[in-house]
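> with the input below, show me the fold.
(one chain, ligands or ions: 1)
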Amino acid sequence: MTSRRRFLGTVAAGGISAASPAFSARNANRYDEIEARVTRRDFKNLHKEDLPTPCMVVDLEIFEKNLRTMADHCRASGIHLRGHVKVHKSPDIAKRQLALGSIGVTCATIAECELMSHAGINGVLLTRQPTSKNNINRAVMLAKREPTFATVVDDPLAADWLQEAAAREGVKLRTAVDVYAGLTRHGIEAGEPALELAKKVNASKNLKLIGLMGYSGGASHTHGWNERKKKSQQDLTGLMESVALARKAGLPVEIVTGGSTGTYNIDSESKGLTELQAGSFVFMDTLYRRVGGKQDPAVYTDFGPALTVMTTVISKRHPRQCTIDAGNKALLRPTDEVKGRPEIKVENQGAEYGILAWTDTDREFKLGERVDLYPSNLDMSTNVYDRYYIARGEQIVDVWPIMGRAGAAQR
Ligand SMILES: Cc1ncc(COP(=O)(O)O)c(C=O)c1O
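All right, here's what the predicted structure looks like:
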């Protein structure tokens with residue numbers, strides 16, 4: 001279901017791209033040539049300039065460095081990584097993280113869990129409690145096919161539903177208690193309510209209590225490292241109290257999971273979490289770059305910007321602006337940034353159009369020029385593209401599908 005061969009075969013059948021005249025004289029105007037080569041995994045002499053735009057391009061060198069930086073950090077500070085896949089939706093990326101020592105992946109939806117599990121990835125944790133009949137049954141079926149699969153619950157009622165479904169299938173479902181950590185969207189109240197839920201899960205015949213989760217989404221993008229540290233520690237206080245209560249009550253607390261790209265070196269310092277759920281660090285985006293780091297208060301440089309949306313200048317009939325072929329459908333945002341040209345203003349101009357505007361620069365864009373943009377929000381942007389073109393410099397060296405994005409597979 002998730003194999004690359006099948007994915008590439010599918011896209012080839014609906015070939016959509018336009019080859020650059022520079023690609024090769026023989027193939028000039030053969031719009032399906034690039035698709036056919038992607039299917040054959042024949043990337044020889046395929047360069048960024050040959051690609052249809054808008055498209056997503058990963059700078060392999062920066063990407064690999066990001067993965068290594070996080071893996072080294074986790075190893076050195078004795079914390080595990082169970083990285084969030086919602087930002088990339090790519091089994092290729094998840095497998096690279098596992099190869100560097102990750103203990104599994106975290107997923108926002110049951111479809112992402114299925115995608116990762118069917119791609120052969122163990123240690124999948126669903127960070128959103130399943131409550132529909134559909135999602136509960138699918139969670140149980142995942143546990144049946146792969147016993148390391150786990151989910152969270154923040155409500156005793158959901159624990160009852162999961163217990164019933166797991167009993168019907170005769171499986172033991174690994175379950176963590178999701179504790180409120182500053183985000184009012186989920187998480188049971190810390191302290192006694194969390195402890196009671198943990199006891200209930202532990203006493204449920206077909207659920208196996210594995211620990212507690214607390215995701216401090218408010219801390220992740222707090223500007224300034226010291227402010228972020230304060231916010232994260234505040235938000236996680238209740239989680240840590242709940243963990244202490246659970247341990248005192250003799251409950252098994254194998255994992256304490258949470259954290260994000262913004263707090264990776266804060267949460268590992270305070271030693272309360274056993275694992276991090278950070279996701280965005282693999283690519284980074286402009287909003288994360290702006291939160292500032294421990295070393296550099298202006299720019300969060302711990303991880304490099306590895307992902308760009310490549311676009312083309314399609315018109316320039318007006319002074320101090322030009323039009324690019326990426327608009328609303330390409331998830332263009334005014335907070336996006338032009339690579340190498342931070343002074344350029346990015347504006348939406350409709351479904352298929354964007355505007356780059358400037359006030360006082362002599363450096364114009366040329367018609368047909370390629371413009372690389374750093375996206376603002378990975379979760380949203382990657383969700384509208386079907387693949388990452390992997391580049392080493394200008395050369396394309398691989399293509400990784402972005403999966404489980406739309407339609408039935410997304411739900
Ligand atoms: C529950 C949960 N954990 C972890 C993350 C990953 O955070 P980040 O991508 O900021 O590293 C998210 C992102 O929204 C999340 O919802």
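
> for the residue nearest to Ser77 when sequence neighbours are not counted, what are its contacts?
Ranked by C-beta to C-beta, 6 or more residues apart in numbering and with sequence neighbours excluded, the top spatial neighbour of Ser77 is Ser268, at 4.0 Å. To be clear about C-beta, it is placed using only N, CA and C from the backbone, and glycine gets the same treatment. Ser268 makes contact with 73-74, 77-79, 259, 276 under the criterion C-beta atoms under 8 Å, 6 or more residues apart in numbering.

> check what pLDDT Ser268 gets.
At Ser268, the model reports a pLDDT of 90.

> in what helix or strand does it lie?
In the assignment (DSSP states H and E), Ser268 maps to helix 264-270.

> re earlier: out of the contacts of Ser268, which are buried?
When neighbours are counted using 16 or more other C-beta atoms under 10 Å, the contacts of Ser268 contain these buried positions: 73-74, 79, 259, 276.

> which one of these is nearest to the ligand?
Gly259 (6.9 Å; C-beta to the nearest ligand atom).

> surely that closest one meets Ala278?
Yes - contact criterion C-beta atoms under 8 Å: Gly259 and Ala278 qualify, at 5.9 Å.

> contact partners for the residue nearest to Leu46 when sequence neighbours are not counted?
Leaving aside its sequence neighbours, Leu46 sits nearest to Ile396 (C-beta to C-beta, 6+ apart; 4.4 Å). Contacts of Ile396 were listed using C-beta under 8 Å, 6+ apart, and they are 43, 46-48, 50-51, 389-390.

> got a ChimeraX select line for the buried ones in those?
The command below creates a ChimeraX selection of those among the contacts of Ile396 that count as buried (16+ other C-beta under 10 Å):
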select :43,46,48,50,51,389,390
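
> tabulate the contacts of Ile396 (TSV), appending pLDDT and distance to Leu332.
Converted to TSV, these look like this (pLDDT from 0 to 100; distance: C-beta to C-beta, whole Å):
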residue	pLDDT	distance to Leu332
Phe43	93	27
Leu46	92	25
His47	94	24
Lys48	95	19
Asp50	92	22
Leu51	93	18
Tyr389	97	18
Ile390	98	22
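
> which of the contacts of Ile396 fall within strands?
Under the assignment DSSP state E, the contacts of Ile396 contribute 389-390 to strands.

> Ala391: neighbour count?
Neighbour count for Ala391, taken as other C-beta atoms under 10 Å: 23.

> these two touch, right, Ile266 and Glu227?
No - between Ile266 and Glu227 there is no contact under C-beta under 8 Å: 10.7 Å.

> ok, those two, which is more surrounded?
Here Ile266 and Glu227 are compared on neighbour count by other C-beta under 10 Å; more neighbours surround Ile266, at 22 against 13.

> can you name the residues that contact the more buried one?
Contacts for Ile266 (C-beta under 8 Å, 6+ apart) come out as 219, 225, 228-229, 232-233.

> the buried ones among the contacts of Ser268: which two are farthest apart?
Using C-beta to C-beta, the two most remote members of the buried ones among the contacts of Ser268 are His73 and Gly259, lying 11.5 Å apart.

> quick one on the thing from earlier: can you put the buried ones among the contacts of Ser268 in a markdown table and add distance to Pro319, pLDDT and secondary structure?
What follows is these, written out as a markdown table (distance: C-beta to C-beta, whole Å; pLDDT from 0 to 100; DSSP: H, G, I helix; E, B strand; the rest coil):
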| residue | distance to Pro319 | pLDDT | secondary structure |
| --- | --- | --- | --- |
| His73 | 48 | 98 | helix |
| Cys74 | 51 | 97 | helix |
| Ile79 | 53 | 97 | coil |
| Gly259 | 48 | 97 | coil |
| Leu276 | 49 | 98 | strand |
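
> phi first, then psi, for the closest residue to Pro91 other than its chain neighbours.
The shortest distance from Pro91 to any non-neighbouring residue, by C-beta to C-beta, 6+ apart, is to Ala119 (3.5 Å). Main-chain torsions, Ala119, degrees, to the nearest 10: phi -80, psi 0.

> on that earlier part again, just name the closest of the contacts of Ile266 to Asn134, please.
Ala219 (32.3 Å).

> leaving out the residues flanking it, which one is nearest to that closest one?
In space, and not counting its chain neighbours, Ala219 is closest to Ser232: 3.8 Å by C-beta to C-beta, 6+ apart.
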